[in-house]
Structures are given as structure tokens and as C-alpha cells.
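Participant: Whatever this is, show me its structure:
(chains A and B)
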Amino acid sequence: MDWLDRLSIWAIVILIIGSFAVIVGHVGEARPDRYTRQSAAAADNVVANDERDSMLKLAKNLMEGGNLDKAELLAGELLQKYPYDGQSHMVMGDILMRKQETVKAVFEYREAIDINPDFLDKKTPLFQGKKIKKAVSEALAEIDNKIRLSPDDGSLKRERKTIHYLQRRIAGSCG
Amino acid sequence: MIQRRAQVLGSGKGRIFQCRALLRECAAVMTLRVFISSFLLLFVLSCGSPSAKQENRTYKIGYMICNSEQETLLRFRPLTAYLSKKMGVPFEAIAIDTVDFTRQVDELDFTHTNSLLYVIMNRNHGVEILAAEESGSLGARAKGLIITLKNSGIRTVKDLKGKSMVFGPVLGPTSYMAQLDVLLSNGIDPENDLSFYAIPPGSYKHEKVIYGVLFGKFDAGAAPLLDFERMVKDGRIDGNDFLVVAEGEPIPYCNFGVTQKVDDSFAKRFKQVLLNLKKGDTVEIDGEVVNVLDRAQIDGYTDVQDKDFDAVREMAKRTNMPPYQRF
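Facilitator: The predicted structure follows:
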């Protein structure tokens, strides 16, 4: 082992120790009271958009007030305007859950998670994992029932595959 | 592998070069091992719980308003102070109207609600159950009654056809949903088969229902067993004046839940503090030493599982109530 090998080994060791110290020092820094700042950085990687935020807020208010059709229309508008916004898909999923369209809701949740995996990461304030897990288990039960009634329906099996995919994502997530 | 190769090294001039090459290989393998091990370690640590550190903030507990905001805070501020003392972090008690709870739940850390609100928040907001409250003759369970006056001539649920009825708050599982379930299962649709029905406005709705029946304003009323028992115990009504026409099935009583943003180990500690709460436990609040359970009007907390709420879920489906409501 010549001097260059030794130098390389030391450099790697120092780098590993340094990285370790930095990462350990930052574990658990995602706190709910940092929501605004972290949302800006992590939420969907989009510049803060007042219009989108107010539309999202209105859609959520309509949904919680039981105005599901109006909320769905608004969420549909949001999705047309911001197709790469995870929050919009998440709200659409929430509305569909309240409309008892569980399988469709799970597909929206899947879109949301594919766009922004932070929805499944408990270290971020965007975490929605437990809600989604519940929706997935309901959707699976529903689709299994439908498959039992129509065992040859290929579209149902494809839907189940998507739900299973989401189940695997949740099982492998942090939280 | 390296050891095996060392055994087959020959002798002579080339041996020094072979040794050097072997050492280099050895160092490379070691470096690779260290690198892979460190990578795996960091990978695991990066997935660690956010509460590995104690969060230095005030935790919010949302208490469902049962009778009035003042009554709710009077009952539960001592319990909140006790939790702060035991957990070593500040908690804040927030009284929330039942109909506003789902709008505010995402801002909360812990919830204290009835069983129907828990079922709604469990499905729509990922809230998980921690502990159930014990109070009254059924302990951690509650039951809805349909009551009439003994002299009303009403003896069975079917006799309610064409009569007037007063219900408690709509999101009350034992003041509305359980009774609606009983009526529907007996073929009585309140929208079509009662002469009229009403829900009293303002605070203390359960008491208003019982007084509404007692003073003859309505033929029958939907009241929780616990409130009926309390009013009898306090001497405010005479139980002998009333006839219980029907009872709903027993379902879990009020409970504590945790929202999905709170760390699991912290929630577990919270639950343990509740389960360990005893009759004599006190806390100092507003310059006064208060018995925590007495002030909260409960007997204690007990462990409860999510599946214990399946009866509430089935009832909500049968009565077209949230979270399974179809429009």
C-alpha cells in the first residue's frame, strides 16, 4: 500500500465520519412548527402559489362542509391547472373517499405520492401515511369483493395491482 | 479469498510485488466493506423517528365540546395540566365544536372525542385510538336510549309512529345515531313517520332533550344513558317518571386519539400516562389543587382497540352517517 492508497483510505474515512455526523445531527429536524418553511422547500417543488393555496383551502373547506360536488369540481380545476401538484391529487383523493369512491381515491393518492413521496415520510409535515393506509385497506377489500363477483374481469385485476403497489410503497415508507 | 491467495504465493523476486498487490487488494476490500457498512448505517438512521429528539413546542389537545365550551375546559384543563406535568412538555386544551372538529383536526396533536368522531377522523384523517374513558354504569361503553313519559301511552318503538320526538346533537353516537338506527330497524323513518322532530339549539342539548320529554314538549326523546343516569343521580329528574322504550347497542364511550403527525413513541407515553391515572391523582391549576378524574367527571381510562369501534362503523353505514354517508 503506497502513500496514495493510505491518503485515499483516510479521505474516505474522514468523509464517512463527517457525513455521519452531519446526518445524525439533522435527524428529526422535520417538525410540524416548521411547516411553512418545509412546505416551501419540499412540497411539490413548486414556487409558493397564492392562487393554488387559496383554491386548495376552499376545496378542503367545501369538502369538510359536505359540499362534495362543488369541492370535486374545484379540485378538478386545480388538477387541470397544476397537474404536477401532489397536494391537488391528495385533496381529490380525500373528496373521493368522502364520496365512497374508495378505489378512485386510492388512485389519486397514488398520483400524489408518485409526485411527492413526502406524503409517506413521517419526518416531513406532509405525512399522510396512516390515512392512506386506511384507504388502501378499504380499497383492497372492495376490489377483492368485486373480483369475487366477476373473477374474469381483467380491469379489476389491474386496479388491484395498482392498490397492491401502493400498499408496498406504504410498507416501505418511513413512518 | 485473500488468505487462500496468500497461501499459493510463490517464492523469489516476484514475491515482493505479489505481496504489494495483495496488500492493495486487501485495503480496497476493507475500504469497500467500511463504505458499504457506513452507507447501510446511514440509510437506516435516515429513516429514524423524528422524535428521537424531544420536540420543544406546545402540543395541542382538541376536546370535543360536550355540553358547552366553558364546561369542557373546566373539566379537562386539569387533565391537560396533569399530562404536561407527567410528560414534561406543555399541552394546550382547545375546546372544539363537534361539527368543526374535522376542519381543525390536522392542526391538533391529540383528540378527545366521542366514538363517531373518532371513526370519522380515523378514516378521513388517519387518527389512531389511544384510550377509552370510563364513566357510569357501562364503564368504557355508552348506550343511547329512547325515552318517553310513563303516562304517554307509548310502549314500543312502533308506537312512535305519528308522534313527536327530540334528538340530541347529530354527531352524537348515543344521542342521535343509535336511536336513528333503532327507529330505522323498526321500520320508522323519522323524515316520514314522525309527526315532527327537533334538535334543541345551544348548549346542554342532552339535558334539554330529557327536560323536553319531562315537560311534555315532545312525546319521546333520544338521550345517552350516561346523561340520564347523572340527572337521576343528581336528583334533577325522577327515573320513575320515564319509560325506556328502546336501547341502542353498547358502543365505546369518549376516547383519546392521536393524529398521524405525532411520533408513535410519544403517543405511547401519552397513552401510558392516561392508563396509569388513578382516582387520587391531583394537579395544581390556577392556584388550586384539583382531583383530575373527579373534575373530568370520569372514572379512569382503559385500553381500547380500533376494532372495538366496528359496531359504530356498522351503525354509521346503516344510518347513512359520516364517514360512510352517501349523498
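
Participant: did I read that right, A:Val136 in a helix?
Facilitator: Yes. Using DSSP: H, G, I helix; E, B strand; the rest coil, the assignment for A:Val136 is a helix.

Participant: What separation is there between it and chain B?
Facilitator: As judged by C-beta to the nearest C-beta, to the nearest Å, A:Val136 and chain B stand 12 Å apart. Where you see a C-beta, it was placed from the backbone N, CA and C, and this is true even at glycine.

Participant: That residue contacts A:Arg169, correct?
Facilitator: No. Judged on C-beta atoms under 8 Å, A:Val136 makes no contact with A:Arg169 at a distance of 9.2 Å.

Participant: neighbour count winner among these two?
Facilitator: A:Val136 (23 against 19; other C-beta atoms under 10 Å in any protein chain shown).

Participant: Now for the residue of the stretch 51-200 of chain B found nearest chain A, how many residues are close by?
Facilitator: Proximity of the stretch 51-200 of chain B to chain A (C-beta to the nearest C-beta) peaks at B:Gly126, 3.3 Å away. If you count neighbours by other C-beta under 10 Å, B:Gly126 ends up with 23.

Participant: For the closest residue to B:Asp308 other than its chain neighbours, give me phi and psi.
Facilitator: Once flanking residues are discounted, B:Asp308 sits nearest to B:Pro252: 5.4 Å by C-beta to C-beta, 6 or more residues apart in numbering or on different chains. Phi and psi for B:Pro252, reported as degrees, to the nearest 10, are phi -60, psi 150.

Participant: Quick check: B:Pro252 vs B:Ala93, distance?
Facilitator: 22 Å (C-beta to C-beta, to the nearest Å).

Participant: So between those two, which is more surrounded?
Facilitator: Higher neighbour count among B:Pro252 and B:Ala93: B:Pro252, with 24 against 20, using other C-beta under 10 Å.

Participant: Tell me the bridge partners for that one.
Facilitator: B:Arg141 (DSSP bridges).

Participant: Tell me which residues touch the residue nearest to B:Asp308, please.
Facilitator: Neighbouring residues of B:Pro252 by C-beta atoms under 8 Å, 6 or more residues apart in numbering or on different chains: B:Ser115, B:Tyr118, B:Ala132, B:Ala140, B:Arg141, B:Ala142, B:Val304, B:Asp308, B:Phe309, B:Val312.

Participant: 7 Å instead, please
Facilitator: Each residue near B:Pro252 by C-beta atoms under 7 Å, 6 or more residues apart in numbering or on different chains is listed here: B:Ser115, B:Ala132, B:Ala140, B:Arg141, B:Val304, B:Asp308, B:Phe309.

Participant: Please apply the same query to B:Leu79.
Facilitator: B:Leu79 sits in contact with B:Val292, B:Ala296, where contact means C-beta under 7 Å, 6+ apart.

Participant: element containing it, please.
Facilitator: helix B:69-87 (DSSP states H and E).

Participant: so how far is that helix from its chain's centroid?
Facilitator: 16 Å (C-alpha atoms, centre = their mean, to the nearest Å).

Participant: Then stretch B:165-185?
Facilitator: Worked out by C-alpha atoms, centre = their mean, stretch B:165-185 lies 20 Å from the chain centre.

Participant: rewinding a little: now the helix holding B:Leu79: mean pLDDT?
Facilitator: On average, the pLDDT along helix B:69-87 is 97.

Participant: Excluding sequence neighbours, find me the nearest residue to the residue in the stretch 201-327 of chain B positioned nearest to chain A.
Facilitator: As assessed by C-beta to the nearest C-beta, chain A sits closest to B:Gln260 within the stretch 201-327 of chain B, at 4.1 Å. Counting by C-beta to C-beta, 6+ apart, B:Gln260 lies nearest to B:Gly126, which is 3.7 Å off, once chain neighbours are set aside.
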